[in-house]
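[1] Please find the sequence and the predicted model below.
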Amino acid sequence: MSTLLVLAAGSLQLPAVTTAKRMGLRVVAADGDAHAPGLALADVAYVINILDADACLKIARKEKIDGVVHICSEISMYAMGRINEELGLHGIDSATAVRATNKEQMRQAFASAGAPSLMYIGVTTAEETLAASERIGLPSIVKPSRNSGSRGVTLLTKEDGPEKVIAAFEYAMSQSRDPSALIEEFVEGPEFSVEILIWDGQPHVLTVTDKETTGAPHFVETGHSQPTRQAESVRQAIESAAVKGVRALGIDWAAAHAEIKLSPRGPVLMEIGARLGGDFITTELVPRSTGIDIVEGAINLALGRQPDLKPKNSVRGASIRYLTPRTGKVTSIEGVERAKGMQGVKIIALGVEAGGEVPAITSSLTRVGHVIAEGATAEQAIANAEAARDAIIIHTEPNQP
C-alpha cells in the first residue's frame, strides 16, 4: 500500500484526504491546528508547524511516504519541494516552489521565458515603493511578494498621493510571507484561471474558469464558473499563455492553477500556483463541469502515475457565487431553506450566524458563505447560483462606534 503525505488538513484540504482514502492509500496528514478536520480522517496525524520544512521532512522519512500533496494552498510549498528533492519523489523541487510562490521571482521567470507578463518592480521599503510607482505609473497594484487569496492587495489610482502609496506598501508587507512586496502595472480586462495537470513535461489543460471579483481596491474573488463563455479563439489564447507560464516556472508532475487577465494586448499572466486552485474551483467545479476528478489526478502525479483524464459524465456548467452582505452585526438570516430547494443548487455554506459579524471583504478569508450550482451550460449554472445567492438574506446592523 502506497503512503501519501497531505500537508495541511483544513476544510479545503479535506478532498485530498478523502480521495486518497478512496484510492486505497495510507494517508498521513499534518497541520498546525489540532482541530483540522482532515487529521481525524487520516490513518496517521501530526500536529506540527507545516511551514517548518525540516519538521515535515522528518515526518516524510519516518512514515516512508511515496508522495506528498499540498492542495489549494501555498504555505507549505517549499516544504513539499524539499521533501520531493530529499526523497527523490515526483513533483516540484524547492527551487520551483520558490519561483511559484514568490511573485517577483515568478515575474522574472516569465520575462526570461517570454511568457506574457507585466511591468513590475520588487520593493522592500516605502521609499522604493514611491520611486517604483513613479516609474511604473498609476494606476498600479501593490501586493505581497508571497501570499494568496487576494491578501494584502491594493489598487493605486491617479488620484492617490504619497500617503496612499506608503499605506499600500505597509498593508502588503503586513500580509507578505517574504520581507518584500511588488508593484505592478494595472491591466484592465476580465479575469480567468486555467486548471492544469502536468506530467512528464507535458501540461494538460482541463478547463478555463471565468472569474468575478469585487474590483478595486482589493479584487477579492466573488464568483467562478466553468466552462468559460469566451469564444474558442480566446480560450485557446488563454490556455496558450498559461502553458507558457507553467513551462517558464518548470512545473512538472504536479497540478497548476494559472490566473490570467484578458488585456487589450491579449492574455497576460497574473500568477501561477504549482497547486490546485482554491475557492472550490478544483475540488467542486472541475469535477462537476468536466467529470474529471482533478484531486485524484494530482494525487496520482505525486505518486508518479499518469492521471486519468477521461470524463466520467457529460460536460456541464458549474458555478460558485459568494455571499456579500452589508458589514455589521448579524441580526437574522432568512431564505436558506428556500435556496437549498432551488434549481441546480448543490451546496450552500454559511460561515456566519445571528450575533456574528460580517467584516468588510478585504481578502478571501473575509467572505461569509457561498452557493454552488450546476446547469446544462455555464450560463444556466450561473443563473442558478445567483438566484440562490440572492434568496439568502443576511440582515445586519452597523456596529456601534
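    Alright, I've got the coordinates.
[2] Which stretches in the stretch 101-250 of the chain count as helices?
    Assignment of helices within the stretch 101-250 of the chain using DSSP state H, counting those that start in this stretch yields the ranges 103-113, 126-136, 162-175, 232-249.
[3] V142 is nearest to which of these?
    Taking Cβ to Cβ, helix 162-175 is the member of those nearest to V142, at 4.0 Å. (C-beta placed from N, C-alpha, C; glycine too.)
[4] in its sheet, what does the lowest-mean-pLDDT helix or strand in the chain sit against?
    Lowest by mean pLDDT, DSSP states H and E among the helices and strands of the chain is strand 154-156, with a mean of 89. According to DSSP bridges, strand 154-156 forms sheet pairs with strand 140-144 (antiparallel).
[5] Low-confidence bits of this structure, can you list those?
    In the predicted model, the chain carries pLDDT under 70 at residues 149-150, 313, 401.
[6] quick one, longest strand in it?
    strand 202-213 (DSSP state E).
[7] returning to that earlier point: turn the helices of the stretch 101-250 of the chain into a markdown table, including mean neighbour count and distance to G356.
    Listed next are the helices of the stretch 101-250 of the chain as a markdown table, based on neighbours: other Cβ atoms under 10 Å; distance: least, Cβ to Cβ, whole Å:
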| stretch | mean neighbour count | distance to G356 |
| --- | --- | --- |
| helix 103-113 | 19 | 33 |
| helix 126-136 | 17 | 36 |
| helix 162-175 | 18 | 24 |
| helix 232-249 | 20 | 38 |
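[8] mind giving me CSV with those helices and columns for distance to G201?
    Listed next are those as CSV, based on distance: least, Cβ to Cβ, whole Å:
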stretch, distance to G201
helix 103-113, 14
helix 126-136, 35
helix 162-175, 34
helix 232-249, 8
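[9] To D66, which of those lies closest?
    Taking those one by one with Cβ to Cβ, helix 232-249 is closest: 24.3 Å.
[10] what's that closest one packed up against?
    For helix 232-249, the packing partners by 3 or more Cβ pairs under 8 Å, 6 or more residues apart in numbering; DSSP states H and E come out as helix 103-113, strand 191-199, strand 202-213, strand 254-263, strand 266-273.
[11] Nearest to E353 among those would be which one?
    strand 202-213 (25.6 Å).
[12] Would you convert the helices and strands packed on helix 232-249 into TSV that also reports distance to R367?
    Formatted as TSV, the helices and strands packed on helix 232-249 follow (distance: least, Cβ to Cβ, whole Å):
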stretch	distance to R367
helix 103-113	22
strand 191-199	17
strand 202-213	12
strand 254-263	18
strand 266-273	19
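[13] Of all these, which one is nearest T3?
    Proximity to T3, assessed across the helices and strands packed on helix 232-249 by Cβ to Cβ, is greatest for strand 254-263 (18.3 Å).
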